[in-house]
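A.B. asks: Have a look; sequence and predicted model below, questions after that.
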Amino acid sequence: MVHYLPKDDTRPLAFDGSILGSESNIPSQFIWPDDEKPCLDAPELVIPTIDVGALLCGGDPLAVLKAAEAVNEACKKHGFFLVVNHGVDSGLIDRAHQYMDVFFGLQLSEKQKALRKVGESYGYASSFVGRFSSKLPWKETLSFRFCPDTRNIVENYMVHRMGEDFRDFGRIYQEYCEAMNKLSLHLMELLGISLGLDPAYFKDFFQANDSILRLNHYPPCQKPNSTLGTGPHSDPTSLTILHQDQVGGLQVFSDEQWHSIAPIPGAFVVNIGDTFMALSNGVYKSCLHRAVVNNRTVRRSLAFFLCPEMDKAVTPAAGLVNAENPRRYPDFTWASLLEFTQRHYRADMKTLDAFSKWVQEQESNKKATP
Ligand SMILES: C=C1C[C@]23C[C@@]1(O)CC[C@H]2[C@]1(C)CCC[C@@](C)(C(=O)O)[C@H]1[C@@H]3C(=O)O
Ligand SMILES: O=C(O)CCC(=O)C(=O)O
Ligand SMILES: [Fe+2]
């Protein structure tokens, strides 16, 4: 059964990884231009490994200070670091990876019960069929909304979209999000210390949050040199906690070239997003990264995106604005940046600058119309 349409057909194609993964004639919409094609032998980027054990148990202040210094150095440069000794149960991480196929292994028609609509951030999306017309990512995704104060929000969402049979499935990602939320708040303490702010500064800002867990499922691809699992972008969100399986494929753009981030069992890859770059007044960098695919095996990753409450004002900490470092970005809300990425702009390497320009244009339009 063919799951995609001939080249000249303009109707959106349906992406079914179980079929396309073995196809050699890849639809043109998935082929990236030469200047964005991946280099599969990218050199490895060695990023600092932060042991957060001392932070979790309120232990040795010297160890916390050392971790904060390493975070400061990494975040001023490329915004990526590894986290170990994080307290997240390894069995929960394993189950979160194993259960992905309970959903992605379904018939396309079943998965489409949870179909994400344009402008929405949650549900099932396959390569953004119907959202973009070219440079389509070679992946299927399932995204959940997580708010710590809304009991069982993930579990109830899955039951609502897929039926009672998906309660156990939803329970696993509910527990996974609760663990990510706890770790995120510890990391926010460390980021506050690393910027010379009160440890509670960012922790309080994100205590109530409106976050996203995204399951990325990358089928094998017969032309891995011409396609991308996830295109080059910086995350528009605040902080990303990524768990990638042992297949490998995450790449970061640093020092003018692409580098691979090797999977480390039991470690999370953490990176600063655009919203946190604005909160730090540009001191910490939200950097370009992407995911490459391979022709042998499926790759899976779980990305937890910590986001503030929708209408909370995103404005830099006062201590980070001064004559040497004036305001870099306008005040905004996460709701407006999210809407920008969902309706007006495909998140890429320049999202925050394009968004800042868009905010200023919106404001001048408002002033112009009486
Ligand atoms: C707010 C978001 C938009 C994207 C998901 C996310 O929750 C955080 C990352 C964003 C994304 C992955 C950046 C690359 C382009 C994108 C379209 C994708 O490939 O998935 C982005 C996501 C989106 O759904 O717009
Ligand atoms: O799958 C990966 O390794 C990266 C995915 C990513 O960058 C994202 O979902 O924002
Ligand atoms: Fe990302």
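C.D. replies: Ah, there it is. Ligands and ions are numbered 1, 2, ... in the order given.
A.B. asks: For this protein, give me the ranges with low pLDDT.
C.D. replies: Residues of the chain that meet the criterion pLDDT under 70 lie in 1-14, 129.
A.B. asks: hey, where'd the strands end up in it?
C.D. replies: 49-51, 80-84, 123-126, 140-146, 211-218, 230-233, 239-244, 250-254, 257-260, 268-272, 289-291, 299-306, 313-314, 332-333 (DSSP state E).
A.B. asks: Tell me which of the ones you listed is the most buried.
C.D. replies: When those are scored by mean count of other C-beta atoms under 10 Å, the highest mean neighbour count falls to strand 268-272 (a mean of 26). For every residue, glycine as well, the C-beta is placed using N, CA and C.
A.B. asks: Against which helices or strands is that strand packed?
C.D. replies: On a contact count with 3 or more C-beta pairs under 8 Å, 6 or more residues apart in numbering; DSSP states H and E, strand 268-272 meets strand 80-84, strand 239-244.
A.B. asks: Looking at these, which is nearest to ligand 1?
C.D. replies: With C-beta to the nearest ligand atom, the closest approach to ligand 1 among these belongs to strand 239-244: 7.5 Å.
A.B. asks: can that closest one be found next to ligand 1?
C.D. replies: No: legend: contact between strand 239-244 and ligand 1 by C-beta under 6 Å from any ligand atom is lacking; minimum distance shown is 7.5 Å.
A.B. asks: Can you name the residues in contact with that strand?
C.D. replies: 83, 93, 96-97, 180, 183-184, 187-188, 191, 250, 261, 263, 268-273, 276, 299-306 (C-beta atoms under 8 Å, 6 or more residues apart in numbering).
A.B. asks: Could you do stretch 73-84 as well?
C.D. replies: Contacts of stretch 73-84 (C-beta under 8 Å, 6+ apart): 45, 47-52, 70-71, 183, 187, 191, 194, 241, 252, 254, 261, 264, 266-272, 277, 280, 283-287, 289.
A.B. asks: Can you show me the CA trace of that stretch as CSV?
C.D. replies: Only the C-alpha atoms of stretch 73-84 are listed here, as CSV (Å, rounded to 0.1, in the frame of the first residue of the first chain):
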residue,chain,number,x,y,z
GLU,A,73,31.1,28.2,30.7
ALA,A,74,29.0,25.8,28.5
CYS,A,75,25.9,28.1,28.4
LYS,A,76,27.9,31.2,27.4
LYS,A,77,29.4,29.2,24.5
HIS,A,78,26.8,26.7,23.0
GLY,A,79,24.2,26.2,25.7
PHE,A,80,24.6,22.4,25.9
PHE,A,81,25.6,20.2,28.9
LEU,A,82,25.1,16.6,30.1
VAL,A,83,23.4,15.9,33.4
VAL,A,84,24.2,12.7,35.5
